[in-house]
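1. For reference, the sequence and a predicted model appear below.
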Amino acid sequence: MDMIYHRIRELREDRDLNQTQIARLLNMSQTGYSKYETGERDIPTAVLIQLADFYNTSIDYLLSRTDDSAPCSRRR
């Protein structure tokens, strides 16, 4: 499984949230969000930004470009 899908699921589960709760945050259906976590659908940039902001992390972390989960502004 591609790391991005694993990371968004892990972040959600670490906060004891279900897919329906995150889907509501993103103004979409649970089924649509589920396809992001399973890799059936690519995650649009706008959604990546929303998820990074919600989880207080960076898009680079979501995309597995770094293992540092801190947002970019805290890395200086």
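-> Perfect, thanks for sending it.
2. Against residue 17, how distant is residue 30?
-> From residue 30 across to residue 17, the span is 12 Å (Cβ to Cβ, to the nearest Å). The C-beta positions use only the backbone N, C-alpha and C, and glycine is treated the same way.
3. Tell me where this structure has helices.
-> Using DSSP state H, the helices of the chain run over residues 3-14, 19-25, 30-38, 45-55, 59-62.
4. Next, the angle from the longest one to helix 30-38.
-> Read that as helix 3-14. For helix 3-14 against helix 30-38, the angle by axes from the mean of the first three to the mean of the last three Cα atoms, to 10 degrees is 120 degrees.
5. From the contact counts, what lies against helix 3-14?
-> For helix 3-14, the packing partners by 3 or more Cβ pairs under 8 Å, 6 or more residues apart in numbering; DSSP states H and E come out as helix 30-38, helix 45-55, helix 59-62.
6. In contact with the residue positioned nearest the centre of the chain: list those residues for me.
-> Within the chain, one residue has its C-alpha closest to the average C-alpha position: by Cα atoms, centre = their mean, that is residue 8, at 3.6 Å. Residue 8 makes contact with 36-37, 43, 51, 62, according to Cβ atoms under 8 Å, 6 or more residues apart in numbering.
7. now do 10 Å
-> 22, 33, 36-37, 43, 47-48, 51-52, 55, 62 (Cβ atoms under 10 Å, 6 or more residues apart in numbering).
8. ok, so of the residues you listed, who is nearest residue 3?
-> Out of those, the one with the shortest distance to residue 3 is residue 62. That distance is 8.9 Å, counting by Cβ to Cβ.
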